[in-house]
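> next comes the sequence, and after it the predicted model I'd like to discuss.
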Amino acid sequence: MSSAAPDLSLHPSGIVPNIDNVVAQFSLGCEVDLKQVTLHAKNCEYNPKRYPAVVSRIREPHSTACIFASGKVNVTGTKSEADAKRAA
């Protein structure tokens, strides 16, 4: 958190938003065999009793992708839109 006073011409309320997490969602356009993804991809875990998606930990940019059998993918944990696009 910055200790400098906010520029009231830009932020009349004195509140300055800080982006900590950007979420990206997209569809692969096809169904996905989650067991095959888990077997062939690194840093993936799949426990269908606990969560209905493959959870993939991405190292750079540091984020997590949840891949669903429907082909939908959610990428969370990035700090900017550019990082979210790179992770996707």
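Sure, I can see it. Numbering: from 1, shown residues only.
> distance of Glu81 from Ile19?
From Glu81 across to Ile19, the span is 9 Å (Cβ to Cβ, to the nearest Å). All C-beta spots, glycine's among them, are computed from the backbone N, C-alpha and C.
> cool, Ala41 as well?
Ala41 sits 28 Å away from Ile19, taking Cβ to Cβ as the criterion.
> the two: which is more packed in?
Using other Cβ atoms under 10 Å, the more surrounded residue of Ala41 and Ile19 is Ala41, with 13 against 9.
> for the more buried one, which non-adjacent residue is closest in space?
Ser56 (6.5 Å; Cβ to Cβ, 6 or more residues apart in numbering).
> helix, strand, or coil at the closest residue to His62 other than its chain neighbours?
Closest residue in space to His62, ignoring its immediate chain neighbours: Gly77 at 6.3 Å, by Cβ to Cβ, 6+ apart. Recorded secondary structure, Gly77: strand (DSSP: H, G, I helix; E, B strand; the rest coil).
> and the pLDDT at Gly77?
Looking at Gly77, its pLDDT is 93.
> what of the one 4 residues further on?
Reading off the confidence values, Glu81 has pLDDT 90.
> which SSE is Lys85 in?
helix 81-87 (DSSP states H and E).
> one step back: shouldn't the residue nearest to Ala41 be in contact with Ala65?
Yes: judged on Cβ atoms under 8 Å, Ser56 makes contact with Ala65 at a distance of 4.4 Å.
> would you list every one of the strands in this protein?
22-27, 44-45, 53-58, 63-68, 72-78 (DSSP state E).
> turn those into a markdown table, including mean neighbour count.
A markdown table is the format used below for the strands of the chain (neighbours: other Cβ atoms under 10 Å):
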| stretch | mean neighbour count |
| --- | --- |
| strand 22-27 | 14 |
| strand 44-45 | 14 |
| strand 53-58 | 19 |
| strand 63-68 | 19 |
| strand 72-78 | 19 |
